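Peer 1: Pasting the sequence and the predicted model now:
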Amino acid sequence: MDEVKKLLEGFADHAAEGLPAADIDADISRGRLALRRIKRRRRVTGVLCVAAASALVLAVGNQVKWWGGGEVAGGPVEQGTAASAARPTTPPAATPKSNETVSAFGASVVELVANQQAWSTIACSLTPKGWSPESPITANRVVLSPPEMRTADVAAKVVLQASDTARSLSQVRVIDADGKTFHIGTLDGRPAGQVKLPSQWWLLLELPTGTVEWPDDEVRRFLDSCAVN
């Protein structure tokens, strides 16, 4: 400390010639105070640096936890909620009414039951449930109307017609059963099927559109139950 005092005295002698003698003790006190302030500032700066570094580590650690632990902004995601969001919801399947069959496409499928009514020269042992023949019935043609509906639109009805010649169907599917060959396809945009009977008659079945579904096997069963007298 004596050396600092001597340096300050020499500096004051050279730098302040003509000035009143310097108060060395006051200068030394001010110098000590300045040194203490510098040290204090260094300590504060160090503490702030450590605090900033700690905050950075915490922020990075929490961010890693968010990404790794399944947390998102607003709070953690509940396992049930995440699983529900991942799984697509499936609407409940429609439950068919009693004695009603529903196809995979949601439309009701025709139900064939025993036919207790004599028609014309065309006789079938099976008939669509609830469908009834229209009057008058011609010799080689039977028209069945849908249940609970009366309409003049032939496309909504079942038409059975006997002919000595076959009709040309499109999109034909062939089924061989019971010694007969059944052709199922479309005729003028309507679902249709036909079969050649042992009596050499061709029996044509024209099906309705937009009412019930007729699977190929039900078309075959219905045609196979018919005969032309």
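Peer 2: Perfect, I can see it now.
Peer 1: The closest residue to residue 224 other than its chain neighbours and residue 159: what is the separation?
Peer 2: Using CB to CB, 6 or more residues apart in numbering and skipping the chain neighbours, the partner closest in space to residue 224 is residue 178 (5.9 Å). In this view, the C-beta of every residue, glycine as well, is placed from N, C-alpha and C. Separation of residue 178 from residue 159 (CB to CB, to the nearest Å) stands at 23 Å.
Peer 1: which ones are touching the residue lying closest to residue 125 once chain neighbours are set aside?
Peer 2: Closest residue to residue 125 apart from its sequence neighbours, by CB to CB, 6+ apart: residue 225 at 4.3 Å. Counting by CB atoms under 8 Å, 6 or more residues apart in numbering, residue 225 touches 112, 115, 124-126.
Peer 1: Can you give me the pLDDT of residue 225?
Peer 2: What the model reports for residue 225 is a pLDDT of 96.
Peer 1: residues in contact with stretch 193-210?
Peer 2: Contacts of stretch 193-210 (CB under 8 Å, 6+ apart): 122, 146, 155-167, 169, 180-185, 187, 189-192, 214, 219-220, 222-224, 226-228.
Peer 1: And stretch 122-140, by the same measure?
Peer 2: 99, 110-115, 117, 119-121, 141-148, 157-158, 160-163, 203, 212, 221-222, 225-229.
Peer 1: Only C-alpha atoms, please: export that stretch in CSV.
Peer 2: Taking Å, rounded to 0.1, in the frame of the first residue of the first chain, the C-alpha atoms of stretch 122-140 are listed here in CSV:
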residue,chain,number,x,y,z
ILE,A,122,-96.2,-69.3,-65.1
ALA,A,123,-96.1,-71.0,-61.7
CYS,A,124,-93.4,-70.5,-59.1
SER,A,125,-93.1,-72.3,-55.8
LEU,A,126,-91.2,-69.3,-54.3
THR,A,127,-92.2,-65.6,-54.3
PRO,A,128,-90.7,-62.4,-52.8
LYS,A,129,-92.2,-61.9,-49.3
GLY,A,130,-95.0,-59.3,-49.4
TRP,A,131,-95.0,-58.8,-53.2
SER,A,132,-98.4,-59.5,-54.9
PRO,A,133,-99.4,-60.1,-58.5
GLU,A,134,-101.2,-57.3,-60.4
SER,A,135,-104.4,-57.9,-62.2
PRO,A,136,-105.1,-58.8,-64.9
ILE,A,137,-102.5,-61.5,-65.3
THR,A,138,-101.8,-62.4,-68.9
ALA,A,139,-100.9,-65.9,-70.1
ASN,A,140,-97.1,-65.5,-70.3
